[in-house]
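Peer 1: here is a sequence together with a model predicted from it:
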Amino acid sequence: MVTKTPIALLLVQDSPADALFFKEVLSTSRSATFEIQVVERLSDAVKRLSGGGINVILLDLGLPDSTGLETLLSLISQYSHLPVIVLTGLSDEQVGVEAVQNGAQDYLVKGQVDEAILSRSIQYAIERKKTEEQLRQSERRIRELLKASEDRLRKTVALRNIDRAISNSMDLRFTLEIVLDQVLRELNVAAADILLYDNKTHILNYFVGKGFHTPALVESRVPLGRGHAGMSVLERKSVHVSGLSDKNTELYELSQFHLEGFEEYFCMPLTSKGR
């Protein structure tokens, strides 16, 4: 039964006689139809492949601009999703074996190829590549699901630890230290602190911190509406500032962060009973 959709094949072969032979052999195939394009150089193959529309590559390893396994490796490094069948001479069969070990789907020895062997090799190569891609996608999806499950589990544990701290202690400092421990672990940040808002003075005062190397922030007193921390609380929105090492960065607390060597700053207002 002839395949309805022609197989687009790129033949990378610098010998006109060999190219003609393969085209004639494939023209007699009873199991599939082929649309064959021929290029003589690896550079021409790369250029043609960049345009898409190719299903399989028939590759001679001895080209004017590239020889040996480097020819194959150069090609699959850019088009790893395409199946490649390597063509070798009688004296280069070991090279064909090595080519398969390095990513080719199959190898064929020139002079030992007929229509049945060539057609079967091409179609099997395409199917094997499809199976490889499906397995690769399945493995990637499984890794993503596992990571998502691990992330959810970590977050659940973090929330449970925070809930336990709140339930079992009336010590606000102890509770917030537990919160900071979870923040550092889950967000993978270098340091974090919590400022408490004083309704009478309208000042945000440092209360507890983790991961800091200097005592500079212990004396933090940020007026409401001043700097990013003050604006974050006033407007009740998160703030992210990058490039803290840039001297042109405008940040009310910049001198303190320079002492710590921080590169990025995140601020998020926390509310209690709507306050």
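Peer 2: Now that the structure is in, tell me what you want to look at.
Peer 1: count of residues packed around residue 113?
Peer 2: Using other CB atoms under 10 Å, residue 113 has 15 neighbouring residues. For glycine as for every other residue, the C-beta is placed from the backbone atoms N, C-alpha and C.
Peer 1: kindly apply the preceding question to residue 171 instead.
Peer 2: By other CB under 10 Å, 10 other residues sit near residue 171.
Peer 1: please report phi then psi for the closest residue to residue 177 other than its chain neighbours.
Peer 2: In space, and not counting its chain neighbours, residue 177 is closest to residue 208: 5.6 Å by CB to CB, 6 or more residues apart in numbering. Note on residue 208: backbone dihedrals following degrees, to the nearest 10 are phi -150, psi 150.
Peer 1: go ahead and confirm residue 208 touches residue 176.
Peer 2: Yes - the criterion here is CB atoms under 8 Å, and residue 208 meets it with residue 176 at 4.9 Å.
Peer 1: rewinding a little: quick one: contacts for the residue nearest to residue 177?
Peer 2: Listed by CB atoms under 8 Å, 6 or more residues apart in numbering, the contact partners of residue 208 are 173, 176, 177, 180, 193, 194.
Peer 1: just these: which are in helices?
Peer 2: Among the contacts of residue 208, DSSP state H puts 173, 176, 177, 180 in helices.
Peer 1: pick the one among the residues you listed closest to residue 92.
Peer 2: Nearest to residue 92 among these, counting by CB to CB, is residue 180 at 64.7 Å.
Peer 1: scan the ones in helices among the contacts of residue 208 and report the most crowded one.
Peer 2: When neighbours are counted by other CB under 10 Å, residue 176 leads the ones in helices among the contacts of residue 208 with 21 neighbours.
Peer 1: centre of the chain to stretch 194-210, how far?
Peer 2: Centroid separation between stretch 194-210 and its chain, computed with CA atoms, centre = their mean, to the nearest Å, is 41 Å.
Peer 1: need the residue closest to the centroid of this structure.
Peer 2: Most central in the chain under CA atoms, centre = their mean is residue 140, positioned 10.4 Å from the mean C-alpha point.
Peer 1: which elements pack onto the helix or strand encompassing that one?
Peer 2: Per DSSP states H and E: residue 140 is located in helix 115-168. Here helix 115-168 touches strand 7-12, helix 16-27, strand 56-60, strand 84-88, strand 106-109, helix 172-187, going by 3 or more CB pairs under 8 Å, 6 or more residues apart in numbering; DSSP states H and E.
Peer 1: compare those and give me the one nearest residue 153.
Peer 2: Across the helices and strands packed on helix 115-168, residue 153 has its closest neighbour in helix 172-187 (11.4 Å, CB to CB).
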